[in-house]
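K.L.:
this is the structure alone, sequence omitted:
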């Protein structure tokens with residue numbers, strides 16, 4: 001879940017609305033912050049190597065009531081994560097079909113409903129229900145495809161970078177842009193604060209966007225603790241390897257994401 005819709009959409013949104021070209025620093029700081037949480041996940045996953053991730057960890061350390069609350073939190077977290085990924089995938093699917101001259105009917109993909117996103121959720125649910133062996137193989141295929149595409153974007157995009165778009169690397173706070181015109185600004189004024197857009201505060205606002213995606217990722221890795229042969233060795237390695245690789249990919253994609261000057265056009 002770390003590599004996918006997040007890396008193709010999240011980097012652009014965080015750059016255009018929060019951090020500007022310095023979004024690369026945002027994902028670097030997000031990776032460092034998540035590494036601290038990953039230490040806890042790695043220790044728990046190797047000590048209590050059973051399925052359940054945070055639910056199991058809280059049950060073993062804090063009791064049934066806290067575990068019950070954490071369990072519902074995980075359901076909400078994964079439901080929101082799966083829905084955003086499914087909607088993002090459906091948007092890509094609709095664009096591909098449009099380019100191919102195939103129009104998706106309004107009843108399947110329109111305002112207020114998205115049966116394309118629902119279909120992909122049901123298909124993947126069916127794959128999971130078949131068994132862990134089949135689902136892991138399908139997941140491996142998807143990961144190889146996604147990483148290959150990301151590497152292609154990084155390598156190909158490197159030849160189209162306009163270095164002038166990185167000056168200033170950290171745009172001044174309060175620059176004009178799309179985010180500054182949103183109702184959120186009026187809401188923040190009411191509470192006596194300003195929305196974080198560009199500047200140092202924008203970097204950390206962008207980091208907050210990336211933290212959720214990273215945490216969901218190694219939370220899923222910890223869930224597979226029961227399936228590993230040597231959890232004391234494999235779980236810490238898997239968690240930190242996935243976090244490190246994904247952080248590098250996010251930073252690399254974000255560094256090439258401002259090659260067309262889109263972020264700077266938001267500054268007015």
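P.N.:
Great, that's in hand. Everything numeric in this text was worked out from a predicted model, so none of it was measured.
K.L.:
C-alpha from now on. contacts and neighbour counts both.
P.N.:
Fine.
K.L.:
which neighbouring elements make contact with the helix or strand where residue 152 lies?
P.N.:
Following DSSP states H and E, the helix or strand that holds residue 152 is helix 132-157. In this structure, helix 132-157 makes packing contacts with helix 115-130, helix 231-255, judged by 3 or more Cα pairs under 8 Å, 6 or more residues apart in numbering; DSSP states H and E.
K.L.:
out of these, deepest packed?
P.N.:
When you average the neighbours per residue for each of those (mean count of other Cα atoms under 10 Å), helix 231-255 leads with a mean of 19.
K.L.:
distance check, the closest residue to residue 251 other than its chain neighbours against residue 147.
P.N.:
Of all residues not flanking residue 251 in the chain, residue 24 sits nearest, at 4.8 Å (Cα to Cα, 6 or more residues apart in numbering). Going from residue 24 to residue 147 by Cα to Cα, to the nearest Å gives 18 Å.
K.L.:
higher neighbour count, the two?
P.N.:
Using other Cα atoms under 10 Å as the criterion, residue 24 and residue 147 rank with residue 24 on top: 28 against 15.
K.L.:
do you know how far the more buried one is from residue 54?
P.N.:
29 Å.
K.L.:
same question for residue 40.
P.N.:
Separation of residue 40 from residue 54 (Cα to Cα): 10 Å.
K.L.:
who has more neighbours, those two?
P.N.:
residue 54 (21 against 12).
K.L.:
pretty sure the more buried one contacts residue 70?
P.N.:
Yes - applying Cα atoms under 8 Å, one finds residue 54 in contact with residue 70, separated by 7.1 Å.
K.L.:
tell me the mean pLDDT for stretch 7-18?
P.N.:
The pLDDT scores in stretch 7-18 average 71.
K.L.:
and it, end to end?
P.N.:
16 Å.
K.L.:
buried residues in that stretch, which are they?
P.N.:
For stretch 7-18, burial by neighbour count (16 or more other Cα atoms under 10 Å) applies to 7, 8, 10, 11, 12, 13, 14, 15, 16, 17, 18.
K.L.:
okay, those in CSV with distance to residue 99 next?
P.N.:
Compiled in CSV, the buried residues of stretch 7-18 are given as follows (distance: Cα to Cα, whole Å):
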residue, distance to residue 99
7, 22
8, 19
10, 23
11, 24
12, 22
13, 24
14, 27
15, 27
16, 26
17, 28
18, 31
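K.L.:
keep only those of the residues you listed that are in helices.
P.N.:
Among those, DSSP state H puts 11, 12, 13, 14 in helices.
K.L.:
hang on, the earlier thing: so which of the helices and strands packed on helix 132-157 comes closest to residue 173?
P.N.:
helix 231-255 (19.5 Å; Cα to Cα).
K.L.:
check which helices and strands the closest one sits against.
P.N.:
Against helix 231-255 (3+ Cα pairs under 8 Å, 6+ apart) you get helix 11-14, helix 23-47, helix 132-157, helix 199-223.
K.L.:
so which of these comes closest to residue 120?
P.N.:
So among the helices and strands packed on helix 231-255, helix 132-157 is nearest, using Cα to Cα, at 13.4 Å.
K.L.:
between the closest one and helix 231-255, how many degrees?
P.N.:
Calculated by axes from the mean of the first three to the mean of the last three Cα atoms, to 10 degrees, helix 132-157 forms an angle of 30 degrees with helix 231-255.
K.L.:
tell me the buried residues in helix 132-157?
P.N.:
Buried-residue list, helix 132-157, by 16+ other Cα under 10 Å: 135, 150, 153, 154, 157.
K.L.:
residue 228: which of the residues you listed is nearest?
P.N.:
Of the buried residues of helix 132-157, the one sitting nearest to residue 228 (Cα to Cα) turns out to be residue 135, at 15.2 Å.
K.L.:
distance of the closest one from residue 146?
P.N.:
For residue 135, the distance to residue 146 - Cα to Cα - is 16 Å.
K.L.:
equivalent analysis for residue 37, please.
P.N.:
According to Cα to Cα, residue 37 stands 25 Å off from residue 146.
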